[in-house]
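# give me a model of this one.
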Amino acid sequence: KLWEFDTNPKDSVWPKTRNEVISTPVIFENVVYISNGQDPEHGEGVGHAYAIDGTKRGDITESGRIWHFDKIRRSVSTASVVDGLVYMADFSGFLHCLDAETGRPYWTHDTFAAVWASSLVADGKVYYVARNGEAYVFKAGTTFEQLAVNKLTDEAEDFSATPAASAGALFIRSSKHLYCVAK
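Have a look, this model is predicted:
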């Protein structure tokens, strides 16, 4: 083991305020970006997001913390790190754009729907899909600008998968279908 980092504050109590790491860590230039949460079936609650110095060794809960963002709710989503920005969602439906170096929030947007999928950044845009099938498109950057929101279906199906881009098309999977959006 090279290092360990506790993503829960010392006073957190299971299951009310103590969480697990469900999202995949993202490593960029020796910095680990991670959020914590619980299985969404356990309900909403307090979450935490961190930037951690991955070059440190031992218990780096204090010494390795670059920043801590505590305005996020429980999250199962993996962050996207692009152009000095971190895009992160929580399963309460809030989308966050943070400064990668400081954790300072540039903008937060409430989708009013649960978000279990992770963000995708492609072609200068940030894509999120809410559980209810609403696909959000934002301009990548420090200023909030929603470019589009589209309801993919009125059928009863859940959207939990992260969108994928390939050959100029966007692929979005639900519990029942695979959607392809292209010009």
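# quick check: which element contains the residue nearest the centre of the chain?
Nearest residue to the geometric centre of the chain (CA atoms, centre = their mean): residue 88, 2.9 Å. Assigned by DSSP states H and E, residue 88 belongs to strand 85-89.
# in that strand, which residues are buried?
By neighbour count on 16 or more other CB atoms under 10 Å, the buried set for strand 85-89 is 85, 86, 87, 88, 89. (Each C-beta comes from the backbone N, C-alpha and C, glycine too.)
# ok, residues contacting that strand?
In this structure, residues lying in contact with strand 85-89 by CB atoms under 8 Å, 6 or more residues apart in numbering are 33, 35, 49, 51, 69, 72, 75, 77, 79-81, 95-100, 103, 106, 115, 117-119, 121, 126, 128, 140-142.
# low-confidence stretches in the chain?
Applying pLDDT under 70 to the chain picks out no residues at all.
# now with 80?
Residues of the chain that meet the criterion pLDDT under 80 lie in 15.
# which ChimeraX command selects the buried ones in the contacts of strand 85-89?
What follows is the ChimeraX syntax for the buried subset of these, where burial is set by 16+ other CB under 10 Å:
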select :33,35,49,51,69,72,75,77,79,80,81,95,96,97,98,99,100,103,115,117,118,119,121,126,128,140,141
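# and stretch 28-44, which residues are buried?
Buried, per 16+ other CB under 10 Å, within stretch 28-44: 31, 32, 33, 34, 35, 36, 37, 38, 40.
# residue 109 and residue 138 touch, don't they?
Yes - assessed by CB atoms under 8 Å, residue 109 is found in contact with residue 138 at 7.4 Å.
# need the residues touching each of the two.
Contact with both residue 109 and residue 138 is made by residues 95, 144, 146, according to CB under 8 Å, 6+ apart.
# thanks again, I'm all set now.
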